[in-house]
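J.: No sequence on hand, only this structure:
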């Protein structure tokens, strides 16, 4: 290893990267290849396009539409409300207790997903939830309705619960990056508040905002556990349809359709990523 | 000297554990207790292994909690119960994924279609009480054996809703937001049979499940269908006051909710049996076989009965007087010829459900 005098092919500096590269290989490259290969094979490992055909079934298209609607709507809801909240937070004095508390709570809630979150909502506004019963007793209104919590509308509400705080976490640094000097400079040059925001702040915030929007989209697109607990009937989103493909006791031999569905998800995320990078290039053009 | 499990010949040989017992019996290929030299030898061989891996056995399903603890106490063998709430296909996936490790499941308890699609994974074995099991409930070689069965039923909390006598009752306004089905019928066998029951009650048949899907669509439209996955917890909480499920699961609920009643609607009697099998690659082949002997013994069968399930030897035991008469008489009454869908009918109905269920309950 200590090699020749020239050390022309020094691997030493790259060595610390090795664990990371291994990690990427095991947890990204191999699974992706498995999914892509599986999507084009039948049960016996012969090449086929039949699985892709299954993606055009009504159930699969409905699930894809559901996933896109859910991810896009909760990304927009989360990004807008989260950005507003982040703005309010950075407007507070740096040492403010409220500011620190809000950030800390956001940090916790952004990670509060999965089974626990689903149960929390069921216990709150489920058919016999605490709030449902209180509202029924006090106002005589039926909050539970016909079970909206256990379908796509319920998922939008529950996902927003972790999307908004996640936005706060990732977007607060962007606000913090706006130097007061820039505003002072703009004001000195005769800018009104509006022109400052229009020509200085918003262009600066746009790229990180779009980046956060994409992160939120991907976060909701791939989330599984919350939906798995909440939704037990029908498969409104793709991850749940994949569950059906690999665990069903009724429809057997669907494992490769599961691969095809996962492949479809990879394609969607790739398209969104490419779109994002194009957008970002436009948005950040003047900064170069 | 060591005889490797022939069935597992393709696994990496150095990983393959020696399944030969001290007395020189290859446990993994034994097809009866006699192959071990009798029950005592089988017990000894199983105790040498010390552990039994089971999977997907919920403690409140057919009394499996007590079945497991009784087996542990009786034979001093530790039962490692993995993923109690998993589905049948998960059992097969686990067997494939964990193949060659000592964590693979030793035995399976499977729904019909999953069992019949995977018979090449099973090791044939005939328990000592083999002759008591009716022919239609077992594979001639003992590759699989039905273990317990039941009827699709409507369980309900009689303190919350009026008495139920037929499937059509569920459409009444008193049942608004209260009727749950145990799982999604495109995934869970129990839910599948629930839709089958609704189909038969509404002029369908084992060949035509469409009227059942239409019934649930109407139920959903009426606001009566509750899309919550019911289990013993939701029943106790009162979240799911009416549950369409196997009658033995209703019996389990009644143990905790005094006012819980279970009815098998006489116009739509749908029966179903579960399938018991030994993993051909079982890491504890002797314990797996002892488990079978225990399940099909009078004691094991009565324990299932205690959970409200109908053990497969029930009729023979009733004749021999070894059944728990009180429990046997307490099972929900069933009249009429039960419908048991064939594998083919299940596949056809499953395809119809895959295409139409999501739409129906949207």
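T.: Yep, that arrived. Just so it is clear, the structure is predicted and the values come from calculations on it, not from any experiment. Residues are numbered from 1 along each chain as shown, chains lettered A, B, ... in the order given.
J.: Strands along the stretch 201-350 of chain B, start to end?
T.: B:242-246, B:260-263, B:271-279, B:310-311 (DSSP state E, counting those that start in this stretch).
J.: List the neighbouring strands of the third one plus their orientation.
T.: Taking DSSP bridges as the criterion, strand B:271-279 sits next to strand B:107-110 (antiparallel), strand B:122-123 (antiparallel), strand B:145-157 (antiparallel) in its sheet.
J.: what's in contact with the helix or strand following the last one?
T.: Following the chain from strand B:145-157 toward its C-terminal end, the next helix or strand by DSSP states H and E is strand B:179-181. When contacts are defined by C-beta atoms under 8 Å, 6 or more residues apart in numbering or on different chains, strand B:179-181 is touched by residues A:233, B:170, B:191, B:194-195, B:216, B:219, B:224-230, B:234, B:240, B:242-245. In short, each C-beta sits where N, CA and C put it, glycine included.
J.: let's see 10 Å
T.: For strand B:179-181, the surrounding residues in contact (C-beta atoms under 10 Å, 6 or more residues apart in numbering or on different chains) are A:127, A:232-233, B:154-156, B:161, B:164, B:169-171, B:188, B:190-192, B:194-195, B:198, B:216, B:219-220, B:222, B:224-231, B:234-235, B:239-245, B:361.
J.: Residue A:155 - how many residues pack around it?
T.: Counted with other C-beta atoms under 10 Å in any protein chain shown, the neighbours of residue A:155 add up to 27.
J.: and it, what is it in contact with?
T.: Applying C-beta under 10 Å, 6+ apart, the residues near residue A:155 are A:66-67, A:69-70, A:73-74, A:118, A:149, A:220, A:223, A:226-227, A:230-231, A:236-237, A:240.
J.: So for it, what pLDDT did the model give?
T.: As predicted, residue A:155 sits at a pLDDT of 95.
J.: Which element, helix or strand, includes it?
T.: helix A:152-176.
J.: Quick check: buried residues in that helix?
T.: A:152, A:154-156, A:158-172, A:174-175 (16 or more other C-beta atoms under 10 Å in any protein chain shown).
J.: Likewise for stretch A:203-210?
T.: Here stretch A:203-210 shows A:204-210 as buried, counting by 16+ other C-beta under 10 Å.
J.: Against chain A, how distant is the closest residue to residue B:360 other than its chain neighbours?
T.: Nearest non-adjacent residue to residue B:360, counting by C-beta to C-beta, 6 or more residues apart in numbering or on different chains: residue B:217, 3.9 Å away. In this view, residue B:217 and chain A are 11 Å apart by C-beta to the nearest C-beta, to the nearest Å.
J.: returning to that earlier point: please identify the deepest-packed of the strands of the stretch 201-350 of chain B.
T.: The highest mean neighbour count among the strands of the stretch 201-350 of chain B, using mean count of other C-beta atoms under 10 Å in any protein chain shown, belongs to strand B:242-246: a mean of 27.
J.: so that strand versus strand B:271-279, what angle?
T.: Orientation of strand B:242-246 against strand B:271-279 (axes from the mean of the first three to the mean of the last three C-alpha atoms, to 10 degrees) gives an angle of 50 degrees.
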